[in-house]
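Trainee: okay, predicted coordinates and the sequence, questions at the end:
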Amino acid sequence: MLAEREAAKYPFLKVGLNLLEALDLQLDDLAGPTYTKMVDRAKDRVIQAILKGEVTAELADPQTELLSYPIAVMFVSLVGDQFLNRRYALSEAVRAYNLLQQEYEDKLIQIASEEFNWEIRKEPESLDGVMHNLKMIFNDYLRVAAGFHEAKWKLVNRKMENGWVSLTGVEAARLLQVEVEKWVNERVATPSNFPLPRPLEIRLDEIRKVFAENRSKLSGSSLPDEVINEAFPPCINYCLEGLLAGRRASHMERFALTSFLVNIGMPIDQMVSFYTDVTDFDESLTRYQIEHIAGLKGNRTKYTPPTCSTLRTHGVCRNPDSTCKKISHPLSYYRRKVWVIQKRAEEKAAREAQEAEPLNKTTEE
Ligand code: SF4
């Protein structure tokens, strides 16, 4: 059935919601063997979001894919954690983006206008040799693209004529991703608390366990108090080594390094002495610049380091390693590496304690 297939791809479509409503499923129905596949797929959706930050599209069995979505939403709202809500919403939105990119423009227009009320139309034109087949009214564009920081999304960098902004199909899909993320987030945002039939409870426990095991390395809440140099990403090492070697650093290199060190908690005095010891920077000017980036002076905004994509554009992304493939921000690199270093240290301590145990016993005896 075409509607079912479409709804399996895009669970936010009204047609899918109508199909689900017509089924009128109750919790006890889901606990039965008929729905085992759907419940398992729902659990997988959430676990994929936790572990990979992206849900896959399993479209070979559209019914399972469609039904698993509301069950996954139920699981997420029962966990009742804002961080998981956001991660799940983003992961579902990335899934939608991957599918939307493969659609013809007519389909994108239909979804954007019918589901999200955009004013959008087809009007092909070539800009710098790239086909821009769509035009979107500028106030819709501004609203949806407001959270993007890359220069190419700024309105001043877009071709706009009579209030219509030109877009490629992939750009429209990327903007739709924002709408889908918001849509999913609204649906998981209210924490729920009700008893589940045992088969569903077992899946929810599995999700809770995976989430608990991975939360600290995924969220931004676990930066240690002390600075751990071994966890620096390659780009920051590159900036630091350049500074130590007396190489003239670009503005972006200095900003990336300083904002990174500020955010991982290096004390201001240590940074000032560090800069002035290795260069001939003026001490008071250096202190002012660092304090400005730390949000202690000027407009009181604490700056975060640029994203990997910005650093790449400015030639500061150097020698990326295997961890770099899993992240999009130098601070995420640091968090991951810190987590790995701490986990190794804990494992080593546990091993040593275990090895020492027989000796202790012998001594006591
Ligand atoms: S991928 Fe990101 S973290 Fe890794 S070196 Fe490049 S900019 Fe730094």
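Mentor: Alright, I've got the coordinates.
Trainee: can you map out the strands along this protein?
Mentor: 120-127, 130-137, 160-161, 164-167 (DSSP state E).
Trainee: out of these, which one sits most buried?
Mentor: Comparing these by mean neighbour count (mean count of other C-beta atoms under 10 Å), strand 164-167 comes out on top with a mean of 21. Glycine gets a C-beta too; all of them are placed from N, C-alpha and C.
Trainee: that older thread, with mean pLDDT and distance to the ligand as extra columns, can I get the strands of the chain in a markdown table?
Mentor: As requested, the strands of the chain are exported to a markdown table (pLDDT from 0 to 100; distance: least, C-beta to the nearest ligand atom, whole Å):
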| stretch | mean pLDDT | distance to the ligand |
| --- | --- | --- |
| strand 120-127 | 95 | 29 |
| strand 130-137 | 96 | 26 |
| strand 160-161 | 95 | 31 |
| strand 164-167 | 97 | 27 |
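Trainee: can you add distance to residue 298 and give the ones you listed back as a markdown table?
Mentor: Formatted as a markdown table, the strands of the chain follow (distance: least, C-beta to C-beta, whole Å):
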| stretch | distance to residue 298 |
| --- | --- |
| strand 120-127 | 37 |
| strand 130-137 | 36 |
| strand 160-161 | 32 |
| strand 164-167 | 33 |
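Trainee: can you tell me how far the nearest residue to residue 20 once chain neighbours are set aside is from residue 29?
Mentor: Using C-beta to C-beta, 6 or more residues apart in numbering and skipping the chain neighbours, the partner closest in space to residue 20 is residue 70 (6.1 Å). According to C-beta to C-beta, to the nearest Å, residue 70 stands 12 Å off from residue 29.
Trainee: more neighbours, these two?
Mentor: residue 70 (19 against 12; other C-beta atoms under 10 Å).
Trainee: that one contacts residue 23, correct?
Mentor: No - checked against C-beta atoms under 8 Å, the pair residue 70 and residue 23 is beyond contact range at 9.9 Å.
Trainee: show me which residues of the stretch 251-365 of the chain are close to the ligand?
Mentor: Counting by C-beta under 6 Å from any ligand atom, the stretch 251-365 of the chain comes close to the ligand at 308, 311, 317, 320, 324, 330, 333.
Trainee: for the first one, what are its contacts?
Mentor: With contacts defined as C-beta atoms under 8 Å, 6 or more residues apart in numbering, residue 308 is in contact with 235, 317, 324, 327-330.
Trainee: could you redo the last one with a cut-off of 10 Å?
Mentor: Residues near residue 308 by C-beta atoms under 10 Å, 6 or more residues apart in numbering: 233, 235, 316-317, 320, 324, 327-330, 332-333.
Trainee: kindly report the same for the fifth one.
Mentor: Contact analysis of residue 324 by C-beta under 10 Å, 6+ apart lists 233-235, 308, 317, 330, 332-333.
Trainee: closest residue of the stretch 1-150 of the chain to the ligand?
Mentor: When scored by C-beta to the nearest ligand atom, the stretch 1-150 of the chain has residue 150 as its residue closest to the ligand, at 14.4 Å.
Trainee: how about that residue: what's its closest non-neighbour residue?
Mentor: Residue 150's closest residue in space is residue 309 (C-beta to C-beta, 6+ apart), at 6.8 Å.
Trainee: was I right about that neighbour contacting residue 317?
Mentor: Yes - contact criterion C-beta atoms under 10 Å: residue 309 and residue 317 qualify, at 8.6 Å.
Trainee: who has more neighbours, these two?
Mentor: residue 317 (20 against 12).
Trainee: if I pick that one, what's in contact with it?
Mentor: Contact partners of residue 317, counting by C-beta under 10 Å, 6+ apart, are 233-235, 238, 256, 306, 308-311, 324, 330.
Trainee: let's see 6 Å
Mentor: Each residue near residue 317 by C-beta atoms under 6 Å, 6 or more residues apart in numbering is listed here: 235, 311.
Trainee: buried stuff in stretch 277-291?
Mentor: Neighbour-count burial for stretch 277-291, counted by 16 or more other C-beta atoms under 10 Å, picks out 281, 286-287, 289-291.
Trainee: list the contacts of residue 94.
Mentor: Applying C-beta under 6 Å, 6+ apart, the residues contacting residue 94 are residue 54.
Trainee: that one and residue 144: what is the separation?
Mentor: From residue 94 over to residue 144 the distance is 16 Å, taken as C-beta to C-beta.
Trainee: count the residues that sit near residue 113.
Mentor: Close neighbours of residue 113, defined as other C-beta under 10 Å, add up to 14.
Trainee: list the contacts of it.
Mentor: Going by C-beta under 6 Å, 6+ apart, the list of residues near residue 113 reads residue 120.
Trainee: in the top helix by length along the chain, which residues are buried?
Mentor: In the chain, with assignment by DSSP state H, the single longest helix is helix 330-364. Residues of helix 330-364 classed as buried under the neighbour-count rule (16+ other C-beta under 10 Å) are 330-339, 342.
Trainee: any chance of those in TSV, plus distance to residue 106 and pLDDT?
Mentor: Listed next are those as TSV, based on distance: C-beta to C-beta, whole Å; pLDDT from 0 to 100:
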residue	distance to residue 106	pLDDT
330	40	92
331	41	90
332	37	88
333	41	91
334	44	92
335	42	87
336	41	87
337	46	90
338	48	88
339	45	84
342	51	81
